[in-house]
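> quick one: sequence plus predicted model below, questions after.
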Amino acid sequence: MAIWGYARVSSADQNEVRQILALEEAGVRDTHIYMDKISGKDFDRPEYTKLTMRMKRGDLLYILSIDRLGRNYEEIQNQWRYLTKDRGIDICVIDMQLLDTRVCKDLLGTFIADLVLQILSFVAQSERENIKKRQAQGIAAAKARGVRMGRPAKGMPEEFVQLVNQWEKKELSMGEMLSRCNISEATFYRRLKEIRYIKK
């Protein structure tokens, strides 16, 4: 029997240390810990896929909490059933002792574990949806305050208007114009449109 660990954070700037420490304390070797820095909306994840390919029947998988496995209500339950029933892999959720397939394998124990899994899967997806709502509300509030979203606008040279005048008089080719301003053609036309709008 091999012991494995899986950790997941939603983005590259989130810290996975707490999960890794918990897995190591549970007895998982660092060579047997797989981690994704990706959303939990589905199971299309590179490291998780590698992990499932390595695990064999009778192996044990540790995760810190159910939301680290995923944040989609149906997919968490489908993946749980696939690993435990189809593949014969035991799972232990460190933060929730009721979700340890090594114990209480009788009908009542299975029923309780399924119930807890459903509740926690629901909570995980609800939290994901709430995070998305808060993000959308934050973006809307920022836009209402005039905050510009996305990449910062590319700076134009001080003589941009003069260069445009030269280009319009055919004194500068488009290639020379783009080279002098260090911009793409799409950015040039966007800025040109802005200038003409301001002149109006």
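Structure's in. What do you need?

> lowest-confidence helix or strand of the chain?
Within the chain, no helix or strand scores below helix 107-144, which has a mean of 68 by mean pLDDT, DSSP states H and E.

> for the very next helix or strand once past that helix, packing partners?
Sequence-wise, the next helix or strand downstream of helix 107-144 (DSSP states H and E) is helix 160-168. Counting contacts by 3 or more C-beta pairs under 8 Å, 6 or more residues apart in numbering; DSSP states H and E, helix 160-168 packs against helix 174-181, helix 185-199. Placement of C-beta: from N, CA and C, glycine included.

> pLDDT score assigned to the spatially most central residue of the chain?
In the chain, the residue lying closest to the centroid (C-alpha atoms, centre = their mean) is Ser39, at 2.7 Å. Predicted confidence (pLDDT) for Ser39: 83.

> quick one: contacts for it?
Contacts for Ser39 (C-beta atoms under 8 Å, 6 or more residues apart in numbering) come out as Ser10, Arg71.

> show the backbone phi and psi for it.
Main-chain torsions, Ser39, degrees, to the nearest 10: phi -60, psi 150.

> please report how far it lies from Glu24.
Distance of Ser39 to Glu24, computed by C-beta to C-beta, to the nearest Å: 25 Å.

> domain map for the protein?
Domains of the chain are assigned by automatic domain parsing as 3-135, 160-199.

> and the shortest one, what's buried?
Going by neighbour count (16 or more other C-beta atoms under 10 Å), the buried part of domain 160-199 is Phe160, Leu163, Val164, Trp167, Leu172, Met177, Leu178, Cys181, Ile183, Phe188, Arg191.
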